[in-house]
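Undergrad: How does the following fold in three dimensions:
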Amino acid sequence: MANTRVALAKGFSVAVVVLLVAIGAYVLVVLGGFSQNGLLYYLVTLSFALTGTRGIWAGRYKIAAIGAVGMLIFAAIQGAQGAVAVGLAILLLVALVVGYSGRTREQLSEG
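TA: Coordinates of the predicted model:
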């Protein structure tokens, strides 16, 4: 069960990054580009999401927490424009909790 939780967390974290990349590609290709500060907001949010995902995949949950919380705070600062990013940040935080609890259960069952 613990390995299932870790695998689920990894899948959710990758889904967050894939969705952010898909949204960015849609904005660039279909809508013709970002607004004045939109590209900066997008790249910083994507950077935090990648940090969180890398932390989950490497099993370094402190680094993943920095990425997930940073993404949540930065998306919340954006206001209404960052509503989707807030939802994705919450999904990344849930993946972090699921992965960490799966790792902890695995360590407890071994010991």
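
Undergrad: Distance from the chain centre to stretch 58-78, please.
TA: The chain centroid and the centroid of stretch 58-78 are separated by 7 Å under C-alpha atoms, centre = their mean, to the nearest Å.

Undergrad: And for it, what's in contact with it?
TA: Contacts with stretch 58-78, where a contact means C-beta atoms under 8 Å, 6 or more residues apart in numbering, come from 13, 41, 44-45, 48-56, 82, 85-86, 88-90, 92-93, 96, 99-100, 103. Yep, even glycine has a C-beta here, placed from its N, CA and C like the rest.

Undergrad: mind listing what's buried in that stretch?
TA: Residues 61, 64, 65, 67, 68, 69, 70, 71, 72, 74, 75, 78 are the ones in stretch 58-78 that count as buried (16 or more other C-beta atoms under 10 Å).

Undergrad: tell me the mean pLDDT for that stretch?
TA: Averaged over stretch 58-78, pLDDT sits at 94.

Undergrad: got it, and stretch 22-34?
TA: Rounded mean pLDDT across stretch 22-34 is 91.

Undergrad: now stretch 83-94
TA: Mean predicted lDDT for stretch 83-94 stands at 94.

Undergrad: Flag every buried residue along that stretch.
TA: For stretch 83-94, burial by neighbour count (16+ other C-beta under 10 Å) applies to 85, 86, 88, 89, 91, 92, 93.

Undergrad: Tell me which of those fall in helices.
TA: Of the buried residues of stretch 83-94, the ones assigned to helices by DSSP state H are 85, 86, 88, 89, 91, 92, 93.

Undergrad: which two of those lie the greatest distance from each other?
TA: Spanning the widest gap among these are 85 and 93, at 12.5 Å by C-beta to C-beta.

Undergrad: Need the overlap of contacts for those two.
TA: Overlap of the contact sets of residue 85 and residue 93 (by C-beta under 8 Å, 6+ apart) is empty.
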